[in-house]
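Visitor: give me a 3D structure for the following:
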Amino acid sequence: MRLRPRLRPLMAPLALLGALFVGLFFRLGGIPLFDVDEGAFGEATREMLERGDYVSTWLNGQPRYDKPILIYWLQAASVQLLGLDEFALRLPSALAATAWIAAILAFARRFLGRDTGHAAAFIAASTAGLTVIGRGAIADALLNLFLALSMFDIYRYAVEPRPALRRRAFLWIGLGLLTKGPVALLVPGAASLLFFALRGRAADWWRALRDPVGWAILLAVSMPWYLLEYGRRGDAFLAGFFLRHNVERFLSPLQGHGGSLLYYLPAMLLLLLPYTGLFLRTLPGLRRMKATPLDSFLWCWFLFVLVFFSLAGTKLPHYLLYGATPLFVLMARRRRELRSTLLAFAPPLLFLALVAALPRLLERFAPGIRNPYMREALGRTEAFGTAWQLGVLALLAAALGLALWRGAALWRRLAAVGLLCSLALTGLLLPALAELQQGPVKEAALLARRGGWQVHGWRINMPSFSVYRGAVTPATASPRPGQVILTRSDALDALAAQGPFQLLYRKGGIVLARLPE
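Guide: The predicted structure is shown next:
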């Protein structure tokens, strides 16, 4: 008992470390890369190292204009240090997400106190949306880090207008431009304008914007690569990166990723799991968004992201994470106002119950799916062994016990349940989904690598196949005699119409077939 007061200050940091490990590093390299995004980033990084080209990115031998260069440099450095595998490709994102959470901790602790700072960081570290993005071999965790750093320094500058803070914000924006492009300038610029205008300080915003030293820093960081890439690829770079992947992405749905104006409302409830109830309890704070400068700042940041991306033609759930950082802080502020056990624990318990029911749901509905690829991919019950199912049930039982237990404050119990949900996500759900979708892709790639086969892709987009095979897999418009073809089972009828073929591999809807000479 005498040690308890001494240990109490350590509880929050230790809980945060546990959430960081479970959410971002536990089994980080233990599951295959997800296609399309992780596979595309991973293969572009592999080809960067193979070509020795650290300016332009390529994907299966074709120019790739999707994202700027910084994440590829970081992934390439990680691969050079650790070898080409899932852990090395994902490590830069996990480290960026860790720094993102550390920035939240430092900001919230400075302006709201130690306990709220740790609570905001813990919520961020154990939230489903950040966990998934922070473990992905993609650019978004790094972008969110720079968005958070730039926005936090903008608020610090608003409180204490020192040029160093303003110019540091320009630095973070420049690094964001090197990570994902114009969105790194749009979000801080527009959200901060709303904040300054709401507080009657639009003139201060305009003066800060005209800082020549700040712009010199931003351009010195970001422009050299853009100029080098334009010098190499010319108008193709402008059309591919700026027009297609930025302007067209806003004006119309890209690659079928559309949705209504209300798309992000249900997406928000899922991304903020298991703290959906706490978010709903925080929402009434909108009525008090002018109460303090900090309230105005946080709500303007979130609302700009929500409205802008709701109006955009292309919609993906993780876009909303660009405005999730202020929500983590707002929820931490209101955590002790959450007094409804039902509101607090219904979302995480429902999540765990659905995870537990997933094998039965797939057994029930997968056989009735008409598409052969989807039916075969979702019908592989070996992804859910006895240990997996017992693990989910144990986590569900523990979460239910915490929900019903009255021996601790509601927030502390919710935080413990949040850690259990994070463990279910990273230790059970993501590995099972990866095995269903990606296990056969990796297995087929390793088989092709051992066989030394030259493989062409046809009616399939699984770039992780090239990562695991260690070679480019060019797409073919029409299979030719003698080729080994990577395709999906729903394309086999079309392949058979072109003539007989030898089936080399078929599992989970993934097919390798050889056409006779």
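Visitor: excluding its backbone neighbours, what's nearest L280?
Guide: L343 (6.6 Å; Cβ to Cβ, 6 or more residues apart in numbering). C-betas here are computed from N, CA, C, even on glycine.
Visitor: now do the SS call for the one you found.
Guide: The three-state label given to L343 by DSSP: H, G, I helix; E, B strand; the rest coil is helix.
Visitor: which residues touch it?
Guide: Listed by Cβ atoms under 8 Å, 6 or more residues apart in numbering, the contact partners of L343 are G277, L280, R281.
Visitor: mind checking which of the residues you listed are in helices?
Guide: G277, L280, R281 (DSSP state H).
Visitor: list the contacts of the helix or strand hosting I173.
Guide: Assigned by DSSP states H and E, I173 belongs to helix 163-177. Contacts to helix 163-177, defined as Cβ under 8 Å, 6+ apart, come from residues 68, 70, 143, 146-147, 149-151, 153-154, 156-157, 183-185, 188, 208, 211, 213-215, 217-222.
Visitor: before we move on, the earlier item: now the contacts of L343 in JSON lines, with distance to D115 and neighbour count?
Guide: Formatted as JSON lines, the contacts of L343 follow (distance: Cβ to Cβ, whole Å; neighbours: other Cβ atoms under 10 Å):
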{"residue": "G277", "distance to D115": "20", "neighbour count": "23"}
{"residue": "L280", "distance to D115": "22", "neighbour count": "17"}
{"residue": "R281", "distance to D115": "18", "neighbour count": "19"}
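Visitor: so which helix or strand takes in the closest residue to F241 other than its chain neighbours?
Guide: Distance criterion Cβ to Cβ, 6+ apart; nearest residue to F241, sequence neighbours excluded, is Y65 at 4.4 Å. Using DSSP H and E, Y65 maps to neither a helix nor a strand.
Visitor: now do the contacts for Y65.
Guide: T57, A236, F237, G240, F241, R244, H245 are the contacts of Y65 under Cβ under 8 Å, 6+ apart.
Visitor: pretty sure the third one contacts Y230?
Guide: Spelled out, that is F237. Yes. Assessed by Cβ atoms under 8 Å, F237 is found in contact with Y230 at 5.3 Å.
Visitor: ok, these two, which is more surrounded?
Guide: Neighbours per residue, other Cβ atoms under 10 Å: of F237 and Y230, the larger number sits with F237, 18 against 14.
Visitor: the more buried one: which element?
Guide: helix 235-237.
Visitor: returning to that earlier point: so which bits of the helix holding I173 are buried?
Guide: Applying a neighbour-count criterion of 16 or more other Cβ atoms under 10 Å, one finds 165-177 buried in helix 163-177.
Visitor: Q498: which of those residues is nearest?
Guide: Each of the buried residues of helix 163-177 was checked against Q498 using Cβ to Cβ; the closest is L177, at 46.4 Å.
Visitor: any low-confidence regions in this protein?
Guide: Low-confidence segments of the chain (pLDDT under 70): 1-8, 245-246, 248-258.
Visitor: once you drop chain neighbours, what's closest to the most centrally placed residue in it?
Guide: For the chain, I133 is the residue whose C-alpha lies nearest the centre (Cα atoms, centre = their mean; 2.0 Å). Once flanking residues are discounted, I133 sits nearest to D140: 4.8 Å by Cβ to Cβ, 6+ apart.
Visitor: what's the answer for P32, then?
Guide: Nearest to P32 is Q438, by Cβ to Cβ, 6+ apart, at 3.8 Å.
Visitor: surely the one you found touches L33?
Guide: Yes. With contact defined as Cβ under 8 Å, Q438 counts as touching L33 (6.5 Å).
Visitor: what residues are shared contacts of the two?
Guide: S464.
Visitor: these two: who's more crowded?
Guide: Taking other Cβ under 10 Å, Q438 and L33 do not tie; L33 has more neighbours (27 against 24).
Visitor: the longest helix along the chain vs helix 163-177, what angle?
Guide: Longest helix of the chain, by residue count under DSSP H: helix 86-112. Orientation check (axes from the mean of the first three to the mean of the last three Cα atoms, to 10 degrees): helix 86-112 against helix 163-177 gives 150 degrees.
Visitor: counting by contacts, list what helix 86-112 packs against.
Guide: Secondary-structure packing of helix 86-112 (3 or more Cβ pairs under 8 Å, 6 or more residues apart in numbering; DSSP states H and E): helix 4-20, helix 37-51, helix 70-82, helix 114-125, helix 128-134, helix 140-159, helix 325-333.
Visitor: in it, what's buried?
Guide: 86-105, 107-109, 111-112.
Visitor: returning to what we had before: what residues does the helix holding F237 touch?
Guide: Taking Cβ under 8 Å, 6+ apart as the rule, helix 235-237 contacts P63, Y65, E229, Y230.
Visitor: name the nearest of those residues relative to A497.
Guide: The closest of these to A497 turns out to be P63 (Cβ to Cβ; 32.3 Å).
Visitor: quick one, what contacts I138?
Guide: When contacts are counted by Cβ under 8 Å, 6+ apart, I138 touches D37, E38, F41, I71, S93.
Visitor: do V132 as well
Guide: H318, L425, L430.
Visitor: what's the closest of the residues you listed to E47?
Guide: Of the contacts of V132, the one sitting nearest to E47 (Cβ to Cβ) turns out to be H318, at 24.5 Å.
Visitor: how far away is the closest one from V187?
Guide: H318 sits 14 Å away from V187, going by Cβ to Cβ, to the nearest Å.
Visitor: swap in F279?
Guide: 20 Å.
Visitor: how about Q498?
Guide: For Q498, the distance to V187 equals 49 Å [Cβ to Cβ].
Visitor: who has more neighbours out of those two?
Guide: Using other Cβ under 10 Å as the criterion, Q498 and V187 rank with V187 on top: 25 against 13.
Visitor: centre of the chain versus the helix or strand harbouring the more buried one, how much separation?
Guide: In the assignment (DSSP H and E), V187 maps to helix 183-198. In terms of Cα atoms, centre = their mean, to the nearest Å, the gap separating the centre of helix 183-198 from the centre of its chain is 22 Å.
Visitor: that one: what's the following helix or strand?
Guide: helix 202-209.
Visitor: follow-up on the earlier one: now secondary structure and distance to R27 too, for the contacts of Y65, in CSV please.
Guide: Output for those, formatted as CSV (DSSP: H, G, I helix; E, B strand; the rest coil; distance: Cβ to Cβ, whole Å):
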residue, secondary structure, distance to R27
T57, coil, 28
A236, helix, 40
F237, helix, 37
G240, helix, 35
F241, helix, 34
R244, helix, 35
H245, helix, 31
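Visitor: and those residues, which is closest to R449?
Guide: The closest of the contacts of Y65, once distances to R449 are taken by Cβ to Cβ, is T57, at 22.8 Å.
Visitor: and the gap between that closest one and W225?
Guide: 11 Å.
Visitor: which of those two has more neighbours?
Guide: T57 (24 against 18).
Visitor: and R506, that one's in a helix?
Guide: No. Looking at R506 with three-state DSSP, it is strand, so not inside a helix.
Visitor: burial count for it?
Guide: R506 has 15 nearby residues by other Cβ under 10 Å.
Visitor: how about the strands in the stretch 251-400 of the chain?
Guide: For the stretch 251-400 of the chain, applying DSSP state E, counting those that start in this stretch gives no strands.
Visitor: and the helices in it?
Guide: 264-271, 276-282, 293-311, 325-333, 341-365, 372-378, 386-404 (DSSP state H, counting those that start in this stretch).
Visitor: comparing these, which comes out most buried?
Guide: With neighbours taken as mean count of other Cβ atoms under 10 Å, these reach their highest mean count in helix 325-333, at a mean of 26.
Visitor: helices or strands up against that one?
Guide: helix 86-112, helix 114-125, helix 140-159, helix 276-282, helix 293-311.
Visitor: can I get these in a markdown table with distance to G451?
Guide: A markdown table is the format used below for these (distance: least, Cβ to Cβ, whole Å):
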| stretch | distance to G451 |
| --- | --- |
| helix 86-112 | 22 |
| helix 114-125 | 43 |
| helix 140-159 | 36 |
| helix 276-282 | 48 |
| helix 293-311 | 45 |
